[in-house]
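Asker: sequence? don't have it. structure:
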C-alpha cells in the first residue's frame, strides 16, 4: 500500500513508520519538520515531505501524486501550544483535517485514520466513560479534535469515506511531546534520567488515563487492518493504565533512587487534566477489533528508563 502519515516525524508517526515499512508498505511522511523524533533505520526508507497541513493545494497534490491508499492523520498543534497560538491550532487541526479529508475523497484514498483524544470529553466526563459520553471540551485542543471527529464522520456518511478514529489518553514515551499539557507523564521519566530532577506541574493526586506509545501504535494498526464489517462505529476509545503523579514519581524513584522530584502545580493545567476521567471503557474496541493493551506501568517504566539510560551511554 501507499501510506501517508501526517505529523509523521512526531512521537507516534515516527514509530508507526517501523511496522509499516517492515510489512512492505511505501510510506510518505508529511510534517513541518524533516527530522523524526525516533530515527530508526526504517525511516531511511520513507519519503519525507516538509509542508503545512493548512496548505490545501499542497495536501491535495501530495495525496494525488503519490497515489495514496491510506492516510494516518496525526498532524496537529498540541494542547499547550494551541492555547498560546489559537489561530495556528485552528489552521492545522481543523483546516488541515478538512484538507486531508478532501484529498482522500477526491483522490480515492481508501482510508483515513485519525488521532483524537480524551480531551474531547472535557470537565464533565464521567468515570469509566464510553464513546457515547457527552463531549464538552474545555481546551481549544479538545474543541478542534471533536470538530475534526465530526467532520470525519460526516464525510463517512455523506461521501462513503472510510474514516476511523481513536481517542487516545496521555501517551507515555521516552521523550515528552512539546506543547502538551499532559507531557508531565513522560517528562518525569525523561528528566529524571537525563537531568536527575523533575518538577511536576500537577498535583501528586492528579490521576489520568495513559497508554504506552507502543500500544498506541499497535492500536492504530489493528483498527486500520480490521475488516469494515466488524466495525460498529467510526470512533473508538482505548485505555492502558491510570497512574497518579505520585505513582509515576514512585515508578521513577524505584529505578532512580536519587532523582529529585518535586511539585509546583499549575492551577489551569490541574483543572484541565483532573477534569479527565480516571478510567476509560474500551470494550467496544476489544469487541470489534480485538484491542488489548500489552504494557502496564512497571513494564513501561522499565522500558522507558532503559531506553533513556542507553541514550546516555551513547553520548
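Answerer: In hand now; what should we look at? None of these values were measured; they are calculated from a predicted model.

Asker: any chance you could map the helices in the stretch 1-150 of the chain?
Answerer: 11-22, 56-65, 79-84, 86-90, 96-107, 140-159 (DSSP state H, counting those that start in this stretch).

Asker: now the angle between helix 96-107 and the second one, please.
Answerer: Using axes from the mean of the first three to the mean of the last three Cα atoms, to 10 degrees, one finds that helix 56-65 and helix 96-107 are set 40 degrees apart in direction.

Asker: among the helices of the stretch 1-150 of the chain, which is nearest residue 199?
Answerer: helix 79-84 (15.8 Å; Cβ to Cβ). Just so you know, the C-beta spots here come from the backbone N, C-alpha and C atoms, and that holds for glycine as well.

Asker: Show me what that closest one is packed against.
Answerer: Here helix 79-84 touches helix 86-90, helix 140-159, going by 3 or more Cβ pairs under 8 Å, 6 or more residues apart in numbering; DSSP states H and E.

Asker: circling back: can the helices of the stretch 1-150 of the chain go into CSV with extra columns for mean pLDDT and distance to residue 293?
Answerer: Shown next, in CSV, are the helices of the stretch 1-150 of the chain (pLDDT from 0 to 100; distance: least, Cβ to Cβ, whole Å):
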stretch, mean pLDDT, distance to residue 293
helix 11-22, 96, 15
helix 56-65, 97, 32
helix 79-84, 85, 23
helix 86-90, 95, 29
helix 96-107, 97, 27
helix 140-159, 96, 21
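
Asker: right, so of those helices, which gets closest to residue 175?
Answerer: Nearest of the helices of the stretch 1-150 of the chain (Cβ to Cβ): helix 11-22, 7.1 Å.

Asker: Show residues contacting the worst-scoring helix or strand of the chain on mean pLDDT.
Answerer: Across the helices and strands of the chain, the lowest-confidence element by mean pLDDT, DSSP states H and E is helix 79-84, at a mean of 85. For helix 79-84, contacts defined as Cβ atoms under 8 Å, 6 or more residues apart in numbering pick out 88-89, 93, 119, 139-142, 144, 178-183, 272.

Asker: Buried members of those residues into ChimeraX, please.
Answerer: Selection of buried members from the contacts of helix 79-84 for ChimeraX, criterion 16 or more other Cβ atoms under 10 Å:
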select :89,93,119,139,140,141,142,144,179,180,181,182,183,272
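
Asker: Which of the contacts of helix 79-84 sits closest to residue 52?
Answerer: For these, the nearest to residue 52 is residue 88 (10.0 Å; Cβ to Cβ).

Asker: Find the nearest non-adjacent residue to that closest one, please.
Answerer: Leaving aside its chain neighbours, residue 88 sits nearest to residue 77 (5.8 Å; criterion: Cβ to Cβ, 6 or more residues apart in numbering).

Asker: residue ranges of the helices in the stretch 201-315 of the chain, please?
Answerer: In the stretch 201-315 of the chain, the segments counted as helices under DSSP H, counting those that start in this stretch are 213-225, 245-253, 267-274, 283-289, 297-314.
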